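J.: next comes the sequence, and after it the predicted model I'd like to discuss.
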Amino acid sequence: MLGEDLNEAIRYCRSLSLRTRCVTNGYWAKSLKGGRQRLAGLKNAGLNELNISTGDYYQQFVSVEAVENAALLGVEQGMEQTLVLVEVHKGRETTAKTLWDRPEISRLRVLGDAKFKIIESPWISTSLEVNVPQSEPYLINRINVHLRQPCSSMLRTFGSNPL
């Protein structure tokens, strides 16, 4: 959505020797050809990491095929890290396993943890009216909060979002 402004922001961050990450739903990779062109611009600007979010909610808007294309292109373009982040909530259909079971994604397993990962994370709604049901392991309460690690990116990450 930021277009060339995102490329410029990445160039600027890299000129300051900052690491860069783009968090996206992969909408721009509906086709490999179009996705390749968009990601090449980001890579040439200095993008270090591609982080693609997906799950049941996301797939209302962006197909799993586009996510798959984005992941394949991230690896193809030689990103230092390509990561697919799958939302976790009770009753979900999309999981890390369902993605790994896709033939194109499963080919990326040979890279191991060095360049490509699929991880799962609890879904957090941006709406105060929406309650997202979670399984016990993902609930934080006064009994288990001491077992959680602190946020590793707080006060270390600068974000840029389209208005």
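T.: Here it is on my side, so go on.

J.: could you find the closest non-adjacent residue to residue 117?
T.: Nearest residue to residue 117, sequence neighbours excluded (Cβ to Cβ, 6 or more residues apart in numbering): residue 83, at 5.1 Å. Heads up, the C-betas are built off the backbone N, CA and C, glycines and all.

J.: may I have the phi/psi pair for the one you found?
T.: phi -130, psi 130 (degrees, to the nearest 10).

J.: just the pLDDT at residue 131, thanks.
T.: pLDDT, residue 131: 72.

J.: dump the residue contacts of it.
T.: Contact partners of residue 131, counting by Cβ atoms under 8 Å, 6 or more residues apart in numbering, are residue 125.

J.: which element is it on?
T.: Per DSSP states H and E, residue 131 falls between elements, in no helix or strand.

J.: also the one 10 residues further on?
T.: Assigned by DSSP H and E, residue 141 belongs to no helix or strand.

J.: count of neighbours near it?
T.: When neighbours are counted by other Cβ atoms under 10 Å, residue 141 registers 7.

J.: same deal with residue 87?
T.: Using other Cβ under 10 Å, residue 87 has 20 other residues around it.

J.: how near is it to residue 100?
T.: 16 Å (Cβ to Cβ, to the nearest Å).

J.: ok, back up a step: tell me the contacts of the residue nearest to residue 117?
T.: Counting by Cβ under 8 Å, 6+ apart, residue 83 has contacts 49, 50, 51, 52, 116, 117, 118, 119.

J.: what secondary structure does the second one sit in?
T.: Same thing as residue 50. Three-state call for residue 50 (DSSP: H, G, I helix; E, B strand; the rest coil): strand.
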